[in-house]
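S.K.: Structure of the sequence below:
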Amino acid sequence: MNTTTEHAFTPFPKLARLQREVIISEKIDGTNAQIHITDDGRMLTGSRTRWITPEDDNFGFAAWARDNKDELMQLGPGRHFGEWWGRGIQRNYGLDERRFSLFNVSRWCLHNEEPKPIPTADPRIVKMQDVLPACCHVVPILRRGINITTMADSALYELKQRGSVAAPGFMNPEGIVVFHVAGNVGFKMTLDNDGVPKSSLKS
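M.R.: Okay, here's the model as predicted:
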C-alpha cells in the first residue's frame, strides 16, 4: 500500500502569536444577520442558521434588506455579517427603530466619516477603509492594542459604568467581543452570567 497517495498529508496549522493586536468592540444583544451579495449580482439575506425571505423572516431583517437593496448592493460581493438589533429584539436598547451594525470594524467606516488606513503587514501597502451605505451601522470599537486582559477588563468596566456606546443612555449593555487580528478569531465576554452557557439561561 502506498500511504503517500492514499492519505493526504495534513500539516499542523501555524500558530498566531498571542501578544498581537486585538480589537475590542461592544457586543450588541440582537440577532445575527448577514447580507450575501453573489458574484452575479444577486442579494441573499440570512439569520445565524438559515436563509430568510420577507415571507419567512427573522425580526423583519429580510424585508428591511429588500427595501434598502439599492444601498446594500454598495457593500459589494461577499458575505457581510452583522447584528440586527433595536425595537422588539432582545434588549431593545430603548430604540424606536432597528439597525444593522456590521462586525468588520477594520474594513468599514460610517457613511459620514473619513476612511482611515487599514494596518497591513507590509507598510508599503496602503489600504483604506470602505464607506458604508447610509442605511448601515458598524459595532462600536472600545479598545485596540495588545494588552488583552487589561483592555477587556477596562472596556467591561466602562460599559457597566457608562452604559452602551452603540445606544447612548441605555444602561444595560450586554458585553464585549475581543477579536484577535493575527489569529482571526473572536471571543465574547458578557457583563452578566459570563460563566454560564447561553443555553442554560434559556432553560
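
S.K.: Counting neighbours, which bits of the top strand by length along the chain end up buried?
M.R.: Ranked by number of residues, the top strand in the chain under DSSP state E is strand 78-86. When burial is assessed from 16 or more other C-beta atoms under 10 Å, strand 78-86 yields the following buried residues: 80, 82, 83, 84, 85, 86. For every residue, glycine as well, the C-beta is placed using N, CA and C.

S.K.: quick one: which two of these are the most distant?
M.R.: Farthest apart among those by C-beta to C-beta are 80 and 86. That separation is 18.2 Å.

S.K.: quick one: average confidence on stretch 16-28?
M.R.: In this model, stretch 16-28 carries a mean pLDDT of 93.

S.K.: Stretch 129-145 too?
M.R.: Averaged across stretch 129-145, pLDDT comes to 97.

S.K.: got the CA coordinates for it in PDB?
M.R.: Once non-C-alpha atoms are left out, stretch 129-145 reads as follows in PDB (Å, rounded to 0.1, in the frame of the first residue of the first chain):
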ATOM      1  CA  GLN A 129     -11.500  51.600   4.700                       C
ATOM      2  CA  ASP A 130     -14.600  51.300   2.600                       C
ATOM      3  CA  VAL A 131     -17.500  53.600   3.300                       C
ATOM      4  CA  LEU A 132     -20.800  52.000   4.400                       C
ATOM      5  CA  PRO A 133     -24.100  52.900   2.800                       C
ATOM      6  CA  ALA A 134     -26.200  55.300   4.900                       C
ATOM      7  CA  CYS A 135     -28.600  52.500   6.000                       C
ATOM      8  CA  CYS A 136     -25.900  50.600   7.800                       C
ATOM      9  CA  HIS A 137     -24.000  51.000  11.100                       C
ATOM     10  CA  VAL A 138     -20.900  49.400  12.500                       C
ATOM     11  CA  VAL A 139     -20.400  48.000  16.000                       C
ATOM     12  CA  PRO A 140     -18.500  50.500  18.200                       C
ATOM     13  CA  ILE A 141     -14.800  50.000  18.800                       C
ATOM     14  CA  LEU A 142     -14.000  50.300  22.500                       C
ATOM     15  CA  ARG A 143     -10.300  49.400  22.600                       C
ATOM     16  CA  ARG A 144      -7.500  48.200  20.400                       C
ATOM     17  CA  GLY A 145      -3.900  47.200  21.300                       C
END
